[in-house]
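>>> Model the following, please.
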Amino acid sequence: ESLHSSIGLLGISAGSLVLAVHFYGFPRAAPLIPSTALGVLLLILSSLLAYAGIRRSLRNASLFLSLCLTISAFWCGYGVVFILGGQGVLNDTGDFRNALVPGLVTFTLALLIIAVVGFLCREVILAMIASAVSLASAHEVAMHYSTTFGSSAVACNYMIVCLVGGYFALGRILYFLTKEKIALPGTDLAKKKTHEQIQSTSVNMNHFAVTGLILNMLSASVFGCRLLGVTGKLFIGQVPWLWTAGVYQIGVCILSYRAMDVLMATFFGFTSILKFAGGYCLLYPVWQLEEPSFPSPFLVIFSILFAVLALFLTLKSPVDGLYLLFYVAYCIALACRPKGFFEGGPQGVAVAIFVASALMTLIHLYNVKANAKIPTGKAAVKALLARSSFLKLREGADLHAPYLGYSKYADADVLGYACSVLASFAITMTGDPQAPLAAVVIPWVVVAGGILKLLSGSVAFARGKTLESTAFILYAVMWIIWGLTRYGGLYGTTRSFHAAVGIIAFMLFNGFIVFCTLFLNIAWFFYSLTFFLIAISFLLDAIHALPAGYDIAATLIFGLVSFYCFLSALLNSIFEGSCLPMGRPIVQLSGVGGGMTKCLHLPARKASSVKRIADILKNGGTCGIPTDTVYVLVAACNRPDAVEKAHQSKRQAQDRPMSLWISSLKQLEPAKHLFPPVLWDFMEAAWPSPISLVVPRGGWVDFLGMKDSAKYVGTPQSIAIRIPDCSVTTHLIDLVGPIVVTSANPTGEADTTHHNQVYAKLGDKVDAVLCDGPSPENIASTVVDCTKIDSGNIGFFRVGIIPKSQVLQILEQVQKK
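Down below sits the predicted model:
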């Protein structure tokens, strides 16, 4: 548990030591550490801090996560600026100051907020480190504007971080050497861990949102500083801050999906697009002297998407919803000014975003750590919606559980559809063939249509949505390749034919996806079908035969379908019921997807799920469950109606009768005298295991309470019994009592080795499925004939996972005994 905390704090100390050495040697003509080397060291340390913070966050939430990720982002941008300086890119007078100050200002305030919350919540070591780095950044800003401030003050602050890190390292070493007897104050992580785990279980919050908000401060600072006159110009030196914020924000987006926060993850995905676009605009003057222009239709649509997201986020947290309105204003300001980020209007909104982001950072960070919360209006909205009979918020532990089982991520379809809307409206900007990069289209097409859609596809795949993930990933590749080719001016006289062939190949793949969506739902069918219009647009452009107005028509049709899917996914993720349905499959195959409406699904990892399955079985239900081999269909022995129902749902053949499972021989103890001693000893030696023993039918069957339904179990002469070697299954039998079992597939078909197959084959015939992913084995149990075991002979009806030799060896040991 302490490993990642130690790595994080010692990594911060190591970086601070490097920077202390740099600033102590700053007045010298030749620096002690060359700028390029310093930048590379900071980049290595920033990646180490990001790893430590994320790994620690997977166990519990803490201030440590925010500190690590914030300093990691700080040193990443800081390091790249030093590399640019070392490579001679920042040559003009004041360039180094103009490049560094926006980032330093942001992290001075961000780390000060972390320090204040740390002191209030008695996280003294983390608070001291945050305050020292904050003061170092503040002194460095002052040093750039006034010669009276020496670099030694900056170095002294970094030395404080080193001393605190040394104290922490000493505390951990003593803790291990004395076998946990001596723990210096603030270094005993075991106590801290239990407190944080109690706190994290009581409050379900997105602990990564703080880092995302600080990154919003960073990008706003770059443009706000220019408006306020803090920096003299916007240029390539500030691109590292913007693109660092963009890259880290995509990371925060993924981690927010991990934290099951769909709305904030979508928001951070949106804001990362703006950061990459801002960096592109500052980078463009390196090639051309004029400033790039913006496609207005795209920004208008972007502001609409932000407004819709703000509306839905208000239902969860009114303060967060109001905060998103600043981005609505920002997109409108960018749409109104042809030069976008370089104009005063958008820069003024950026200043407002900086202030609002700082306040939101304080609120989120304090509410995560402190017992007393700053009110955000959640309770008021919840109470208001509780009175509504039409709209009911989704709540509960299984809020983001996928239909087919278990996933570590929330659904990312909302972001995938939104990116389709954004990318499609970006292509309405035709641009100048002589200067293709002058129109800011590439960031929208490549980041929104490509990178974020790849992210959505990956998350969809992790949630078991094979078709949707395939489509998202295919479309992402399409947007990236042909977006760069078309809007990067990469077409040549001979390349157009090859590009056209590639696009046709993509269209063939999309044709297969359209065919598959016939079996999914109506909305996805139209979504994939209308993507053909976008592909045709790229194809016609490649062969220079694009008619005027075609792009606008294609954009409107595909964009509107994508927007409907976006709204539907958003509504269905917030509210119960289907407010905007995606529709039913156009082609319904018999026996496929039967469980979509009726069958309950529960993750096998939870004890509460096993208890619910037990209750269903006790009440006369039938369920599909995982075992030590393949999935099976079960019913409780003491519910004759359920046994008969299981027999009928399977269309059981006479040559494959149902068997009997128990969790312990104690369940047959009352009838022990009815079993031959050698058979009883053989059962004791063979179980638990994937070995089914076919034993003579007798009076012992009456002890199980099956009554008339006993005729469906076994044959008139014998019954197969087993104790499975699976903790989930045996725990379930402990709760229910002996159960009757048959394979979870229609008679004559292959065994089911995944809970998805149980849905497909028997979804409309069972009451619930206990989901545990793929089976540990694809082979069924070994079935042994023990009807003549008295004479020392056994036979084999089926040799499964356990070989004959092993069964015979067990029998030999029993006979010797």
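>>> The nearest residue to Leu283 once chain neighbours are set aside: neighbouring residues, count only.
Of all residues beyond its chain neighbours, the one nearest Leu283 is Val239 (5.4 Å), with distances taken as Cβ to Cβ, 6 or more residues apart in numbering. Every residue, glycine included, has its C-beta placed from N, CA and C. Counted with other Cβ atoms under 10 Å, residues neighbouring Val239 total 23.
>>> Likewise for the one 3 residues further on?
Residues lying near Leu242 (other Cβ under 10 Å) number 28.
>>> what's the answer for Ala646, then?
So Ala646, with other Cβ under 10 Å, has 28 neighbours.
>>> Is the residue lying closest to it once chain neighbours are set aside in a helix, a strand, or coil?
Nearest non-adjacent residue to Ala646, counting by Cβ to Cβ, 6+ apart: Ala635, 4.2 Å away. Three-state assignment for Ala635 (DSSP: H, G, I helix; E, B strand; the rest coil): strand.
>>> Give me the below-cutoff pLDDT ranges for the stretch 651-800 of the chain.
651-656, 747-748 (pLDDT under 70).
>>> what's the following helix or strand after the helix or strand where Ile481 lies?
Here Ile481, judged by DSSP states H and E, is contained in helix 466-487. On the C-terminal side of helix 466-487, the nearest following helix or strand under DSSP H and E is helix 495-517.
>>> Could you check the angle that following helix makes with helix 466-487?
160 degrees (axes from the mean of the first three to the mean of the last three Cα atoms, to 10 degrees).
>>> Averaged pLDDT, helix 495-517. What do you get?
Here helix 495-517 scores 87 as its mean pLDDT.
>>> In the protein, mark out all the strands, start to finish.
600-603, 623-625, 632-636, 659-661, 691-696, 718-722, 739-743, 768-771, 782-785, 795-798 (DSSP state E).
>>> Present those as TSV; the columns should include mean neighbour count and distance to Lys645.
Putting the strands of the chain into TSV (neighbours: other Cβ atoms under 10 Å; distance: least, Cβ to Cβ, whole Å) gives the following:
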stretch	mean neighbour count	distance to Lys645
strand 600-603	20	16
strand 623-625	29	11
strand 632-636	29	7
strand 659-661	22	17
strand 691-696	23	22
strand 718-722	22	19
strand 739-743	25	11
strand 768-771	26	13
strand 782-785	21	24
strand 795-798	12	26
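>>> how about those strands, which one is nearest Leu334?
strand 600-603 (44.4 Å; Cβ to Cβ).
>>> Counting by contacts, list what that closest one packs against.
Under the contact definition 3 or more Cβ pairs under 8 Å, 6 or more residues apart in numbering; DSSP states H and E, strand 600-603 sits against helix 607-618, strand 768-771.
>>> Recalculate using a threshold of 10 Å.
Packing partners of strand 600-603 (3 or more Cβ pairs under 10 Å, 6 or more residues apart in numbering; DSSP states H and E): helix 607-618, strand 623-625, helix 755-762, strand 768-771.
>>> of the strands of the chain, which approaches Gly464 most closely?
Nearest of those (Cβ to Cβ): strand 768-771, 9.8 Å.
>>> ok so, going back, could you dump the strands of the chain to a markdown table with distance to Tyr167?
Converted to a markdown table, the strands of the chain look like this (distance: least, Cβ to Cβ, whole Å):
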| stretch | distance to Tyr167 |
| --- | --- |
| strand 600-603 | 44 |
| strand 623-625 | 54 |
| strand 632-636 | 58 |
| strand 659-661 | 59 |
| strand 691-696 | 60 |
| strand 718-722 | 60 |
| strand 739-743 | 60 |
| strand 768-771 | 49 |
| strand 782-785 | 62 |
| strand 795-798 | 67 |
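>>> so which of the ones you listed gets nearest Lys382?
When the strands of the chain are compared by Cβ to Cβ, strand 600-603 sits nearest Lys382, at 26.6 Å.
>>> how close does the residue nearest to Pro803 when sequence neighbours are not counted get to Gly699?
Distances taken as Cβ to Cβ, 6+ apart put Thr782 closest to Pro803, at 7.7 Å, once the chain neighbours are dropped. Distance, Thr782 to Gly699, using Cβ to Cβ, to the nearest Å: 27 Å.
>>> what about His4, how many neighbours?
19.
>>> sorry, back to before: now, of the helices and strands packed on strand 600-603, which is deepest in the fold?
Most buried of the helices and strands packed on strand 600-603 by mean neighbour count (mean count of other Cβ atoms under 10 Å) is strand 623-625; its value is a mean of 29.
>>> Return the distance of that one from the chain's centre.
28 Å (Cα atoms, centre = their mean, to the nearest Å).
>>> That one - contacts with which helices or strands?
strand 600-603, helix 607-618, strand 632-636, helix 727-736, strand 739-743, helix 755-762, strand 768-771.
>>> coming back round to it: now for the residue nearest to Leu283: which residues touch it?
77, 80-81, 84, 99, 222, 278-283, 286 (Cβ atoms under 10 Å, 6 or more residues apart in numbering).
>>> right, and the helices and strands packed on strand 623-625 - which one's nearest Pro375?
helix 607-618 (32.2 Å).
>>> what residues does the closest one touch?
Contacts for helix 607-618 (Cβ under 10 Å, 6+ apart): 397-398, 600-604, 606, 621-625, 634-639, 642, 727-729, 731-737, 739, 766-772.
>>> Mind checking the pLDDT average for it?
Computed over helix 607-618, the average pLDDT equals 91.
>>> Would you agree the residue nearest to Pro803 is in contact with Lys804?
Yes - judged on Cβ atoms under 10 Å, Thr782 makes contact with Lys804 at a distance of 7.9 Å.
>>> Can you pull the residues that touch both of those two?
Phe796.
>>> where does the stretch 201-350 of the chain dip in pLDDT?
201-204.
>>> and the residue nearest to Ala646, bridged to which residues?
Beta-bridge partners of Ala635, counted by DSSP bridges, are Val740.
>>> and it, how far is that from Gly624?
11 Å.
>>> what do those two both touch?
In contact with both Ala635 and Gly624: 766-767, using Cβ under 10 Å, 6+ apart.
>>> count of neighbours near Ser458?
18.
>>> what's near enough to touch the residue nearest to Pro803?
Counted by Cβ under 10 Å, 6+ apart, Thr782 has contacts 629, 686, 689-693, 722, 796-804, 806-807.
>>> try 6 Å
Shown in contact with Thr782 (Cβ atoms under 6 Å, 6 or more residues apart in numbering): 691, 799-800, 802.
>>> Distance of it relative to Ile802?
For Thr782 relative to Ile802 (Cβ to Cβ), the value is 4 Å.
>>> for Arg337, same thing?
According to Cβ to Cβ, Arg337 stands 75 Å off from Ile802.
>>> again, but for Val728
20 Å.
>>> and Val713, bridged to which residues?
Val713 has the following beta-bridge partners by DSSP bridges: Met658.
>>> do you know how far it is from Ile739?
The gap separating Val713 from Ile739 is 10 Å, by Cβ to Cβ.
>>> And for Thr314?
In terms of Cβ to Cβ, Thr314 sits 49 Å off from Ile739.
>>> isn't Ile625 right up against Leu770?
Yes - counting by Cβ atoms under 6 Å, Ile625 touches Leu770, with 4.5 Å between them.
>>> residues shared between the contacts of these two?
In contact with both Ile625 and Leu770: no residue, using Cβ under 6 Å, 6+ apart.
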